[in-house]
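Participant: got a predicted structure plus its sequence, pasted below:
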Number of protein chains: 2
Amino acid sequence: MSFRNFKMVSYVVYGRGSFNQLDEILAPQRKTDAPIIFLVDHFFEGRPLLNRIPLRGKDKIIFADVSYEPKTTQVDALATQLKNEFGTISGIIGIGGGSVMDLAKAVSLMMTNPGSSADYQGWDLVKFPGVYKAGIPTLSGTGAEVSRTTVLTGPTRKLGMNSDFTPFDQIVLDPELTRDAPVNQRFYTGMDCYIHCIESLEGTFLNEFSKSYGEKALQLCQEVFVKKDRWNNESDDQLMMASYAGGMSIAYSQVGVAHAVSYGLSYLLGTKHGIGNCIVMNHLEEYYPAGVKEFKHMVEKNGIEIPGGICKGLTDEQFDTMINVSLGMKPLWENALGKDWEKIMTREKLRALYGKL
Amino acid sequence: MSFRNFKMVSYVVYGRGSFNQLDEILAPQRKTDAPIIFLVDHFFEGRPLLNRIPLRGKDKIIFADVSYEPKTTQVDALATQLKNEFGTISGIIGIGGGSVMDLAKAVSLMMTNPGSSADYQGWDLVKFPGVYKAGIPTLSGTGAEVSRTTVLTGPTRKLGMNSDFTPFDQIVLDPELTRDAPVNQRFYTGMDCYIHCIESLEGTFLNEFSKSYGEKALQLCQEVFVKKDRWNNESDDQLMMASYAGGMSIAYSQVGVAHAVSYGLSYLLGTKHGIGNCIVMNHLEEYYPAGVKEFKHMVEKNGIEIPGGICKGLTDEQFDTMINVSLGMKPLWENALGKDWEKIMTREKLRALYGKL
C-alpha cells in the first residue's frame, strides 16, 4: 500500500488518577485461572505504587531491569519463565518507560508466537496476536505507548517487532505517575519526543496527519521545557500528551540523524535511547540548526548535564560497528537527507561525528 | 469509571489518493458470499467517484438521501432491506459526510442487534458488535469518523447509539475526496468542527487530552478559514485533520450552547447539523464573545450566507418542543455554564434565543 494503514491502540484512558481504574479495566480480560503479569520498572521496587497494583489470584509483579536497552534474550527468557510457571497468562501490563512498555509488548507476542523474538525483528513478521497487553507510562516521551513496534537489541541488530499485532490493547495515561521521575531521566526521555519532532518535521516524509501531531507534540515540549520556569502538575499533563502525539506522528513520518546515530551507540555501548539521542543532538547543528539551538537552551535552562567523551578510547573496529549499525537505518537517513543521503553521510563523516560524542 | 475509557477506531489510513487502497483494505474482510455494501451520499450519484468503488461479487452501492438528519426509521429500513436481500453482509462502508457515516455505523449495528435502532439510543445499550464497518469522509468537520456515537432522530428524541461497538473498524482519510464539496456545505461542516472546538475549549469539562486535540483542531480551522485567501489542496488536507482532531477532543470534553440549541432545530425542523450550528452560533456573543467574533469574520471572509428567520411563524407549542429537546441535553449545558446552568438558561431566555434565529 502506498499509505500505511495505521493500527491504533484499542482503548485509551487519560486522567490524573486513572491508574485507580486498572482493576475495573482488567476485569473483563481475566481468563479463569490465568494470571495477569505486571511488568514493572525496577525503579518502583519498594515504592508505594506497588501497593496500588490490583493483584488478584495468581497475578504476579515482575521487576524489569532496564539499565540497558531491552534485548531479545531478555524477552525470550521472560516468555519462557511465564510459560513454565503458568502455561498461559491472561495478559501482561507494562508499567514504566519505553523500555518496559516495549518489553511487555514483546513478551505478549512471544507467549503465542514460536521461536525467538529475534526471528521477528523486522516488518510484519509476527504471525499471531499476542496475549492481552496494556501499557502504563511512568515516563513521558518515547511514544512507545502508541507505536506499532518494540525496539529490541538482538544478536545481529537493534530493530523492533514491527507489526499490526504489536500495539497495545489498552493504554492508561495517568500523569500523576510521572511526577516522581528523576529530573535527568525525565529530561532525556522528554527530549526523545522533542528530537523526534524536529527530525520528523524537518524530514522529507511528512504529510498533514503526521505534521499535525508533530507540531502539537513540539509545542507541548516547548511549553514544558522552554516556557515554564518550574515543574508543576501541568508539566506532567502536557509532556504525557506530547509523548502520545509524538508517537502518533510517526505514522507517516520518520526520525532522522539523531536517532540513526544514537542507534549505533545503543548497539555497541548499551547507551539508553533517551540520553543517547541527547548526546548526539548536542552535535547536530549542521543538520538541525534551529532545533539544536533550542535544545541547548533547554539543557541549560533545566540544569541538565549531557555526558561527553563516551566514544573516547574505542577501537577502529568498534567505530566500524557503530557506523554499520547507523548506516543500516536507511529510511531514517533518507527522511533526513533525501534520496541521495549516501553521498552526504559518508563513513568518514559519520566516523568524525562519533568521534565528537 | 471516573475517566472514560475511550474506544479508538481500529485502523486509520491518511493520504491523498488513499481511497485507491480500498480494495486491498477490504479484501481480508470479505466472507465468502456475503457482499460489502457501499452506502454513498446521494451527492455522488452520477459522479466519477462511483467508478472507483471496488465492487466485487454481490457488492452493492446504496445511495443515502441525507437531505435531513438520519432517522432511526431510515436505519431500520436499511438494515431490514439488507437482511431480506442478503441474509448477512461482510461489511458496510459509509462514504459521505457525518450523516452518511452515522447511518453506516448504525446499520452495521442493526445487522446483529435485535429490535429497532430507537431501542439503543442512549449510552452503552448496544449488545453485540455490528458487522465490519468503515468510514470514508467526503466532507470534513463533523468528527463522525472517530466518534463512538451515531446521532439519530428517533420517535422521542435526537440521540446517538453511543457504545464501544459504535466506532469504525477502519477510516480512510483521503483529502482528495473533499475537493468538490459545495462551498457553502463545506463551510457549514467545517464550522461544526470550529464551533465544537470553541465550545469544548471554553467549557468546564476539559483535560489535557481533549485540550491538545481541541487546540490543534481550532488552529487548523483558523489556517483554513481565517489565514488563507483561497482554497487549495492544503486546505482539504488541514480541514480533514481538523475534523479528526476535533472528533478526538470530544473524548474528555463536551460541546456547549450552540450544539444544545441546534439540536432543538434539527428535531423540530430537520435542520442539518452543520448549518444549524452556524445559525445558532451567529447569536451567541453572550456566551462565546471571541469565538463568535471570529466566526462572523470567517462567514464574511468566505462569502457565506447564514440563513435567518427560520423560527418565524412557529407556534408556542413548537417553541416548547425545541426548548424541551434542548434543555434535555444536560451535559452540554453543564459543560457550557457550570453546575448551576438551569438558573442561567431559563425557558424564557432560551425562548428568546430561538425567537432570534
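Facilitator: Received it, and whenever you're ready, just let me know what you need.
Participant: I'd say A:Ala260 and A:Val325 touch.
Facilitator: No - using CB atoms under 8 Å, A:Ala260 is not in contact with A:Val325, being 9.0 Å away. For every residue, glycine as well, the C-beta is placed using N, CA and C.
Participant: what about the two, which has more around it?
Facilitator: A:Ala260 (27 against 22; other CB atoms under 10 Å in any protein chain shown).
Participant: may I ask which helix or strand encompasses the more buried one?
Facilitator: Taking DSSP states H and E as the definition, A:Ala260 sits inside helix A:257-269.
Participant: output that helix as PDB, restricted to C-alpha atoms.
Facilitator: Extracted in PDB, the C-alpha atoms of helix A:257-269 (Å, rounded to 0.1, in the frame of the first residue of the first chain):
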ATOM      1  CA  VAL A 257      20.000  11.900  12.100                       C
ATOM      2  CA  ALA A 258      20.000  11.900  15.900                       C
ATOM      3  CA  HIS A 259      18.100   8.600  16.100                       C
ATOM      4  CA  ALA A 260      20.200   7.000  13.400                       C
ATOM      5  CA  VAL A 261      23.500   7.900  15.100                       C
ATOM      6  CA  SER A 262      22.200   7.100  18.500                       C
ATOM      7  CA  TYR A 263      21.200   3.600  17.500                       C
ATOM      8  CA  GLY A 264      24.900   2.800  16.900                       C
ATOM      9  CA  LEU A 265      25.700   4.000  20.500                       C
ATOM     10  CA  SER A 266      22.900   1.800  21.900                       C
ATOM     11  CA  TYR A 267      24.000  -1.200  20.000                       C
ATOM     12  CA  LEU A 268      27.700  -1.000  20.900                       C
ATOM     13  CA  LEU A 269      27.700   0.600  24.300                       C
END
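Participant: wait, what's in contact with A:Ile36?
Facilitator: Contacts for A:Ile36 were tallied using CB atoms under 8 Å, 6 or more residues apart in numbering or on different chains; they are A:26, A:29-30, A:56, A:59, A:89-93.
Participant: quick revisit: who does the helix holding A:Ala260 touch, helix- and strand-wise?
Facilitator: strand A:158-162, helix A:183-201, helix A:273-281, helix A:316-327, helix A:330-337, helix A:347-356 (3 or more CB pairs under 8 Å, 6 or more residues apart in numbering or on different chains; DSSP states H and E).
Participant: now do the residue nearest to A:Asp124 when sequence neighbours are not counted, the pLDDT please.
Facilitator: Of all residues not flanking A:Asp124 in the chain, A:Ser163 sits nearest, at 5.3 Å (CB to CB, 6 or more residues apart in numbering or on different chains). On the pLDDT scale, A:Ser163 is placed at 96.
Participant: isn't A:Ser163 up against A:Phe128?
Facilitator: No - at 10.1 Å, A:Ser163 does not count as touching A:Phe128 under the criterion of CB under 8 Å.
Participant: so these two - more neighbours on which side?
Facilitator: A:Ser163 (23 against 10).
Participant: what are the ranges of the helices in the stretch 51-200 of chain A?
Facilitator: For the stretch 51-200 of chain A, the helices defined by DSSP state H, counting those that start in this stretch occupy A:72-86, A:98-110, A:183-201.
Participant: leaving out sequence neighbours, find the closest residue to A:Arg186.
Facilitator: Nearest non-adjacent residue to A:Arg186, counting by CB to CB, 6+ apart: A:Leu139, 6.6 Å away.
Participant: would you list the phi and psi of the one you found?
Facilitator: Dihedral pair for A:Leu139: phi -140, psi 140, per degrees, to the nearest 10.
Participant: who touches it in this structure?
Facilitator: Neighbours of A:Leu139 in contact, by CB under 8 Å, 6+ apart: A:96-98, A:178, A:181, A:185-186, A:189.
Participant: same question, A:Ser10
Facilitator: A:167-170, B:7-8, B:10.
Participant: most packed of the helices of the stretch 51-200 of chain A?
Facilitator: Among the helices of the stretch 51-200 of chain A, helix A:98-110 has the highest mean neighbour count (mean count of other CB atoms under 10 Å in any protein chain shown), at a mean of 30.
Participant: flag every residue of the stretch 1-150 of chain A that's near chain B.
Facilitator: For the stretch 1-150 of chain A, the residues in contact with chain B (CB under 8 Å from any CB of the partner chain) are A:1-18, A:20-21, A:24-25.
Participant: one step back: list residues touching both of A:Ser163 and A:Phe128?
Facilitator: Common contacts of A:Ser163 and A:Phe128 (CB under 8 Å, 6+ apart): A:Leu109.
Participant: for the nearest residue to A:Pro137 once chain neighbours are set aside, what are its contacts?
Facilitator: Distances taken as CB to CB, 6+ apart put A:Glu145 closest to A:Pro137, at 5.2 Å, once the chain neighbours are dropped. Applying CB under 8 Å, 6+ apart to A:Glu145 gives the contacts A:9, A:101, A:135, A:137, A:168, A:171, A:173, A:243-244, A:247.
Participant: could you do A:Gly141 as well?
Facilitator: Contacts of A:Gly141 by CB under 8 Å, 6+ apart are A:98, A:188-194, A:239, A:242-243, A:246, A:274.
Participant: reformat those residues as CSV; add pLDDT.
Facilitator: Below are the contacts of A:Gly141 laid out as CSV (pLDDT from 0 to 100):
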residue, pLDDT
A:Gly98, 96
A:Tyr188, 96
A:Thr189, 97
A:Gly190, 97
A:Met191, 97
A:Asp192, 96
A:Cys193, 97
A:Tyr194, 98
A:Leu239, 98
A:Ala242, 98
A:Ser243, 98
A:Gly246, 96
A:Gly274, 94
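Participant: of these, which is the nearest to chain B?
Facilitator: Within those, the smallest distance to chain B is 8.3 Å, found for A:Ala242 (CB to the nearest CB).
Participant: from what I can see the closest one touches A:Leu220, true?
Facilitator: Yes - using CB under 8 Å, A:Ala242 is in contact with A:Leu220, at 3.7 Å.
Participant: and the helices of the stretch 51-200 of chain A: which comes nearest B:Lys293?
Facilitator: helix A:183-201 (31.5 Å; CB to CB).
Participant: taking helix A:330-337 as reference, get the angle to that closest one.
Facilitator: Interaxial angle, helix A:183-201 versus helix A:330-337 (axes from the mean of the first three to the mean of the last three CA atoms, to 10 degrees): 70 degrees.
Participant: next, the contact list for the residue lying closest to A:Gly270 once chain neighbours are set aside, please.
Facilitator: Of all residues not flanking A:Gly270 in the chain, A:Tyr68 sits nearest, at 4.2 Å (CB to CB, 6+ apart). Contact analysis of A:Tyr68 by CB under 8 Å, 6+ apart lists A:153, A:270, A:272.
Participant: what parts of the stretch 251-357 of chain A come near chain B?
Facilitator: A:251-252.
Participant: low-confidence bits of the stretch 251-357 of chain A, can you list those?
Facilitator: Scanning the stretch 251-357 of chain A for pLDDT under 70 picks out no residues.
Participant: and the residue of it nearest chain B?
Facilitator: A:Tyr252 (6.6 Å).
Participant: how far away is that residue from B:Ala251?
Facilitator: Noted for A:Tyr252: a distance of 22 Å to B:Ala251, by CB to CB, to the nearest Å.
Participant: again, but for A:Phe86
Facilitator: 35 Å.
Participant: next: A:Met241.
Facilitator: 12 Å.
Participant: could you measure from A:Phe187 over to B:Glu69?
Facilitator: When A:Phe187 is compared with B:Glu69 (using CB to CB), they lie 51 Å apart.
Participant: can you pull out the strands in the stretch 101-250 of chain A?
Facilitator: Ranges of strands in the stretch 101-250 of chain A, per DSSP state E, counting those that start in this stretch, are A:122-123, A:132-137, A:151-153, A:158-162, A:170-173.
Participant: save these as JSON lines, and put in distance to B:Tyr120 and mean neighbour count too.
Facilitator: Formatted as JSON lines, the strands of the stretch 101-250 of chain A follow (distance: least, CB to CB, whole Å; neighbours: other CB atoms under 10 Å in any protein chain shown):
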{"stretch": "strand A:122-123", "distance to B:Tyr120": "40", "mean neighbour count": "14"}
{"stretch": "strand A:132-137", "distance to B:Tyr120": "27", "mean neighbour count": "27"}
{"stretch": "strand A:151-153", "distance to B:Tyr120": "43", "mean neighbour count": "24"}
{"stretch": "strand A:158-162", "distance to B:Tyr120": "38", "mean neighbour count": "23"}
{"stretch": "strand A:170-173", "distance to B:Tyr120": "25", "mean neighbour count": "25"}
